[in-house]
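J.: Here is a sequence together with a model predicted from it:
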Amino acid sequence: MKVITVIGARPQFIKAAVVSRAFAKYRPDVQEIIVHTGQHYDANMSDVFFEELDIPRPDYNLGVGGGTHGQNTGRMIEKLEGLMMEVRPAWVLVFGDTDSTLAGALAAAKLHIPVAHVEAGLRSYNRKMPEEINRVLTDHIAELLFAPTENGRKNLLEEGVPAEKIKLVGDVMHDAALFYTEKARKPKLPTEFDLEGEGFVLCTIHRAENTDDPRRLKSIFQGLEDSGAQILLPMHPRTQTKVLDSEISIADNIWVIDPVGYLEMIWLEANCRCVATDSGGVQKEAFFFKKPCKTMRYETEWVELVESGWNRLVGASAKEITDALTSISLPISTNSLYGDGNAGEKIVMMIEASRE
Ligand code: UDP
């Protein structure tokens, strides 16, 4: 059986690493063909993950990136369609909520190739987010929907997705965090940054709603500055550009570094005092490493983190961000929310069992 896996952006490399490893271990008879759309192409946003996480090299790289959402999605669909017509896979596997996810799903569906969607059912109910459009459409195209949480399953049922298509398997990012923890690596930083002392705040910012609105971006940096916390910020390329465009000056308590690889990132998550982020994946990883998370958004897809007290939504308000970073406490509940660490295994078994 042939399966085409479509990936293109940083979080998808991490999720795909889990599933590829499970194919190799539990279903070596399945021929997985990995297609990188080229959505993320910088070495530290792409290559490093293939090297560190032992993901098989992509069989194809479509080289589509750097355009607008419409340009990228359109070019990807065109190239993916050609490839799928040639390979004729039994399944197309897509992850998460990027333009690569939607392009893979649309190209496959029009060729009547069934789509399996990993990380199905997540909703922010904010249709201004490009990710929300991508995930809603992909879910309604998919034949197999792998929900990471009970909440995801519930959202899909409420939208009328037939129950038999939905599989609650847990979260592949939980599998990844468990598997790679022992390989976590302390990053090399300038000696003045103290990774061991009082504790630092690990921060990431890249959501378009924050980066593309200069007032909002300024307000976030103001909040980080006013907190006085020692902040380490591996900065996404998009944010780097927007910070320059908006002429934001970065305060002395904020240490900006280039994006780090996953093994360094999970070391930082395991060793920080607190996380401040607008990333989906990093919110959960904070929980995996039992670190409180302050989410710089007004809503989250990972509502169970807020309900359990591990996550506080602080939006882009400077005051809220400062308050949250100056009153950090640990919640009591440590219930497992994202499965047993075997989501990858379940996914490959179910894809194989559902071969058409
Ligand atoms: N990540 C990383 N290096 C960084 C920042 C993030 O390896 O410098 C990882 C992080 O650990 C998580 C994933 O990238 O596994 C999250 O990706 P991102 O925040 O880009 O996307 P989102 O999860 O918001 O879709």
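T.: That came in fine, so what should we check first?

J.: rest of the way, CA atoms for contacts and neighbours
T.: Will do.

J.: number of nearby residues for the closest residue to the ligand within the stretch 101-250 of the chain?
T.: In the stretch 101-250 of the chain, the residue that lies nearest the ligand is Pro234 (4.8 Å; CA to the nearest ligand atom). Under the neighbour criterion other CA atoms under 10 Å, Pro234 is assigned a count of 19.

J.: Was I right to think it contacts Val260?
T.: Yes. The pair Pro234 / Val260 is scored as a contact, 6.5 Å apart, by CA atoms under 8 Å.

J.: circling back to that earlier point, which residues sit in contact with the residue of the stretch 101-250 of the chain closest to the ligand?
T.: 203-204, 256-260 (CA atoms under 8 Å, 6 or more residues apart in numbering).

J.: most neighbours, which of those?
T.: Sorting the contacts of Pro234 by how many neighbours each has (other CA under 10 Å) puts Cys203 first, at 27 neighbours.

J.: Secondary structure of that residue: a strand, I assume?
T.: Yes. Counting by DSSP: H, G, I helix; E, B strand; the rest coil, Cys203 is part of a strand.

J.: residue contacts, it?
T.: 231-234, 275-277.

J.: Also near the ligand: which of the contacts of Pro234, exactly?
T.: 259-260 (CA under 6 Å from any ligand atom).

J.: who in the protein is up against the ligand?
T.: Residues of the chain lying near the ligand (CA under 6 Å from any ligand atom): 10-11, 234, 259-262, 265-266, 279-282.

J.: Give the buried subset of the residues you listed as a ChimeraX selection command.
T.: Those of the residues of the chain next to the ligand that count as buried under 16 or more other CA atoms under 10 Å are selected in ChimeraX with:
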select :10,11,234,259,260,261,262,265,266,279,282
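
J.: Past the longest helix along the chain, which element shows up next along the chain?
T.: Assignment by DSSP state H gives helix 69-87 as the longest helix of the chain. Next helix or strand after helix 69-87 toward the C-terminus (DSSP states H and E): strand 91-95.

J.: how about whichever residue of the stretch 1-150 of the chain sits closest to the ligand, what does it touch?
T.: Per CA to the nearest ligand atom, Pro11 is where the stretch 1-150 of the chain lies closest to the ligand, at 4.2 Å. The contact partners of Pro11, by CA under 8 Å, 6+ apart, come to Gly281.

J.: before we move on, back to that, residues contacting the longest helix of the chain, please?
T.: With contact meaning CA under 8 Å, 6+ apart, helix 69-87 is reached by 4, 37, 39, 62, 64-66, 99-100, 102-104, 106-108, 111.

J.: please redo it, this time with the cut-off set to 7 Å
T.: 37, 62, 64-65, 99-100, 103-104, 107 (CA atoms under 7 Å, 6 or more residues apart in numbering).

J.: Enumerate the positions of that helix that are buried.
T.: Those would be 72-77, 79-81, 83-84, for helix 69-87 by 16+ other CA under 10 Å.
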